[in-house]
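Novice: Fold the following for me, if possible:
(chains A and B)
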Amino acid sequence: MGSAAEYFDTQRQWFSQTRTALGNPPRFDFRVAERRVRLEFLSARAVPLVIHALRHLEVESPLGGAGSPERPDLTICCWDDLAAGGPPPPVPFPTGDTGLFHSEGPPRIAWEPAVGVLTAYDPAGRVALWRTPDLAHLAAWEQAGPLRRILHWWSSAWGGQLVHAAAVGDESGGVLLVGRGGSGKSTTALSCLGTQVGYLADDYCLVEMVEGPRVHSLYASGKANRGSIARLPRLRAAFAASTLWEESKQILFLGPGTGWEVVRSAPLRAIVLPRIVPTGPATLVPASQGETLRALAPSTLFQMPGDRGPALRRLTTLVQQLPCWSLRVGPDPDETLPLLKQLAHKSA
Amino acid sequence: MEYRLNSPDVVQEELDGEVIVVHLVSGSYYSLSRSGADVWKRLVAGQNAEVIVDRLSEITDGTCSVIGPAVDQFVADLLAEQLLVPAPGTECRPVVAAASPGERIPFEAPRFERFTDMQELLLVDPIHEVAEAGWPLQPGTPESGAVPQGQLP
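Specialist: Numbering: from 1, shown residues only, chains lettered A, B, ... in the order given. Below you'll find the predicted structure:
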């Protein structure tokens, strides 16, 4: 093996040959930001765990037909050590028990020794690799938001930006909710489910600049701890029926078949910094751009390796283009709904 | 002495007069405004401390004996935070500074605000940027413990 590129190609070729030899293993196509992403698997085993949170973006018919290119905008090869017969070939990264080792590439390669996950992306070939020890034991956080790193790398290549933020609204206008974990993003976003405000995301979503800022839903899932669930009476029964936990948070799948609609995309009208407060009514006050960028950028950058200088630039541009607000969220998150609706439908 | 941004470990952007600096390795991030933002922009543009002190003594009511130590301390703090690194001989680039008010403004010691609330994220799950220098990989690399490529099915 002579280089990272050869390593990538070897893995890619092995996957393709194996997939061909297996006949017609499953694949799953979804569309985000007007682009088609294809997940290819080696077996049907555990596929639902990977695609559950992406079902709301699924596109039924494969590409093809006269004049239509067959090739998706991104193909992600997904497999596990069980299918490969062992762990991935070694990568020449320093050893370590924690964290993630990332090589900028191209191709980009990330290796997480503690969990044995290999992630790689070749922008020229529009192909990504995602190899995990056992798909049947996918971590709860990965089920709720699969393939984040790959989607971050891929979207960066065309000017998109994966952000650690929630989003609410509908096709006519949306609001980005930003802040560190525990600030109230999820509670505020989940309170919009089943209301006239609309829900896109509670933790991660994709933004891009197309005739103004636009947000795209990535995952039809929501997470809440006991305190948040107590503030969300509409969702209490749904959370009670869920058996998937990520540490102290319970995960709820939304979208098709659940009765909870997830909006796929919205033009952004504002950025809001929610803050849970124990008492008092919901109130909106203007926030500074600096305060907003500090609430949005670090938590996004620290979680996503690669392209972090350009990512900060994109986030700065986003903040500069939208009005920014602080939102006090009192004991009843429903009080925020008229405020959020007003912001979402206000012309930018 | 000239300095430069400690890139790629550190990234920065300015908006609405505030400079946001993020140290991607330590997990700290910083806010610089007013005098702190102005001196920071001059430093990352390659101006040395002496030039900055001279300039501030022209546009503020501070004297060199006050401005000098304040700028030196600011630079020392930025170096201690590993936001800047020494870069002797760096060519100075133009600095986009606020328009001169026409009369001297009150001198304010440059400073930054540091935020550490996200460090926990990186402590739990640090990101190690590695170069491709390790390639080509020699078969049987002892540190990996994984099977060589040829043994894959």
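Novice: measure A:Pro213 to chain B for me?
Specialist: 15 Å (C-beta to the nearest C-beta, to the nearest Å). Heads up, the C-betas are built off the backbone N, CA and C, glycines and all.
Novice: Not counting sequence-adjacent ones, nearest residue to that residue?
Specialist: Excluding the flanking residues, the one nearest A:Pro213 by C-beta to C-beta, 6 or more residues apart in numbering or on different chains is A:Leu268, at 4.1 Å.
Novice: Could you do A:Gln320 as well?
Specialist: Excluding its sequence neighbours, the residue lying closest to A:Gln320 (C-beta to C-beta, 6+ apart) is B:Leu15, at 5.7 Å.
Novice: try A:Gly198
Specialist: Once flanking residues are discounted, A:Gly198 sits nearest to A:Asp170: 3.9 Å by C-beta to C-beta, 6+ apart.
Novice: can you tell me which residues contact that neighbour?
Specialist: Going by C-beta atoms under 8 Å, 6 or more residues apart in numbering or on different chains, A:Asp170 touches A:Val197, A:Gly198, A:Val263, A:Ala266, A:Ala344.
Novice: JSON lines for these, including pLDDT and distance to A:Val117?
Specialist: Shown next, in JSON lines, are the contacts of A:Asp170 (pLDDT from 0 to 100; distance: C-beta to C-beta, whole Å):
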{"residue": "A:Val197", "pLDDT": "97", "distance to A:Val117": "36"}
{"residue": "A:Gly198", "pLDDT": "98", "distance to A:Val117": "33"}
{"residue": "A:Val263", "pLDDT": "98", "distance to A:Val117": "30"}
{"residue": "A:Ala266", "pLDDT": "98", "distance to A:Val117": "32"}
{"residue": "A:Ala344", "pLDDT": "97", "distance to A:Val117": "37"}
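Novice: just curious, which of those residues is nearest to B:Ile105?
Specialist: Ranked by distance to B:Ile105 (C-beta to C-beta), those are led by A:Ala344 at 41.4 Å.
Novice: What's the local residue count around the closest one?
Specialist: A:Ala344 is flanked by 25 other residues according to other C-beta atoms under 10 Å in any protein chain shown.
Novice: Show me what counts as buried in the longest strand along chain A.
Specialist: Using DSSP state E to define each element, chain A has its longest strand at strand A:265-276. By neighbour count on 16 or more other C-beta atoms under 10 Å in any protein chain shown, the buried set for strand A:265-276 is A:Ser265, A:Ala266, A:Pro267, A:Leu268, A:Arg269, A:Ala270, A:Ile271, A:Val272, A:Leu273, A:Pro274, A:Ile276.
Novice: where do the strands sit along chain B?
Specialist: Applying DSSP E to chain B gives strands spanning B:3-5, B:10-15, B:18-23, B:29-32, B:84-86, B:113-115, B:127-130.
Novice: which stretches of the chain have low pLDDT?
Specialist: Picked chain A for this. Residues of chain A meeting the criterion pLDDT under 70: A:1-2, A:61-70, A:96, A:347-348.
Novice: Please refer instead to chain B.
Specialist: Applying pLDDT under 70 to chain B flags the ranges B:96-101, B:132-153.
Novice: Let me see the contact set for the residue nearest in space to the middle of it.
Specialist: Nearest to the geometric centre of chain B sits B:Leu83, at 3.0 Å (C-alpha atoms, centre = their mean). Contact analysis of B:Leu83 by C-beta under 8 Å, 6+ apart lists B:Leu5, B:Asn6, B:Val10, B:Val21, B:His23, B:Tyr30.
Novice: Roughly how far does the residue nearest to A:Pro213 sit from A:His216?
Specialist: Here A:Leu268 is placed at a distance of 10 Å from A:His216 (C-beta to C-beta, to the nearest Å).
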